[in-house]
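Asker: A structural model of the following input is requested.
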Amino acid sequence: MGYGFIGFNDPEAAKKAMSSLQGFVLDGHQLHVKFAGRGAESEAKEKGALKSGSRTTKMIVKNVPFEATKKDIQALFGTHGHLKSVRLPKKFDSRTRGFAFLDFVSRAEAEHAFATLRHTHLLGRHLVLEWAEEGEQDIEALRKKAGVGYGDGKLVPGRKRKVDMGKTGEEDVENMEV
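Answerer: Next comes the predicted model:
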């Protein structure tokens, strides 16, 4: 099972070919013919993504080639707007992880870069652009989300605790506070 793409000079020729080849049996397989994904339905989706409700200047770039460098990303996106920062996370073996975080100086520059580069390829791979979500800024909410306590160290994982072993008496070890 596979797929293929055919280009036509005009829409009428494409429609005629689509209707004549629909259901045609080729090498024992029935053909299912349809227009490519960059049609009206994907354009509507992209317009919604382009005009995101948030006002962030941060963007996530997915499907970045593993051979790409920070300079490659800066060169590509820097021509469409001023970048505040570019982060290209790496694995322990110094190879990139396949995505990047961009922060533009202004929202207008970020939107311009998004609109211009949303269908672009880098080193043979189609880049997927998404707006980054603004994270929670409340420190208590972040601590709760991480499940880590602070202060006396009772909830801090991996922290050494002091136990007073000098008490004399018949204490139940299970009830000891650690």
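Asker: list the buried residues for the helix or strand hosting A75?
Answerer: For A75, the element it lies in under DSSP states H and E is helix 70-78. Using 16 or more other CB atoms under 10 Å as the test for burial, helix 70-78 gives 72-74, 76-77. Placement of C-beta: from N, CA and C, glycine included.
Asker: and stretch 98-118, by the same measure?
Answerer: Neighbour-count burial for stretch 98-118 flags 98-100, 102, 104, 109-111, 113-114, 117 (criterion: 16+ other CB under 10 Å).
Asker: do a quick rundown of the strands in the chain.
Answerer: Counting by DSSP state E, the segments of the chain that form strands are 25-26, 29-30, 58-62, 83-87, 99-104, 121-122, 125-126, 128-131.
Asker: closest to A141 out of the ones you listed?
Answerer: Proximity to A141 (CB to CB) singles out strand 58-62 among the strands of the chain, at 19.3 Å.
Asker: relative to strand 83-87, how tilted is that closest one?
Answerer: 40 degrees (axes from the mean of the first three to the mean of the last three CA atoms, to 10 degrees).
Asker: need the buried residues of helix 70-78 in TSV with pLDDT, can you?
Answerer: Listed next are these as TSV, based on pLDDT from 0 to 100:
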residue	pLDDT
D72	93
I73	94
Q74	94
L76	93
F77	93
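Asker: could you dump those into JSON lines with distance to S19 added?
Answerer: JSON lines is the format used below for these (distance: CB to CB, whole Å):
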{"residue": "D72", "distance to S19": "44"}
{"residue": "I73", "distance to S19": "44"}
{"residue": "Q74", "distance to S19": "48"}
{"residue": "L76", "distance to S19": "40"}
{"residue": "F77", "distance to S19": "42"}
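Asker: out of those, who's nearest G4?
Answerer: Ranked by distance to G4 (CB to CB), the buried residues of helix 70-78 are led by L76 at 29.1 Å.
Asker: who touches the residue nearest to the closest one when sequence neighbours are not counted in this structure?
Answerer: Among residues not flanking L76 along the chain, L122 sits closest, at 6.2 Å (CB to CB, 6 or more residues apart in numbering). Taking CB atoms under 8 Å, 6 or more residues apart in numbering, we find L122 in contact with 64-65, 68, 72-73, 76.
Asker: greatest separation within the residues you listed: which pair is it?
Answerer: Using CB to CB, these span at most 11.5 Å, a distance reached by P65 and L76.
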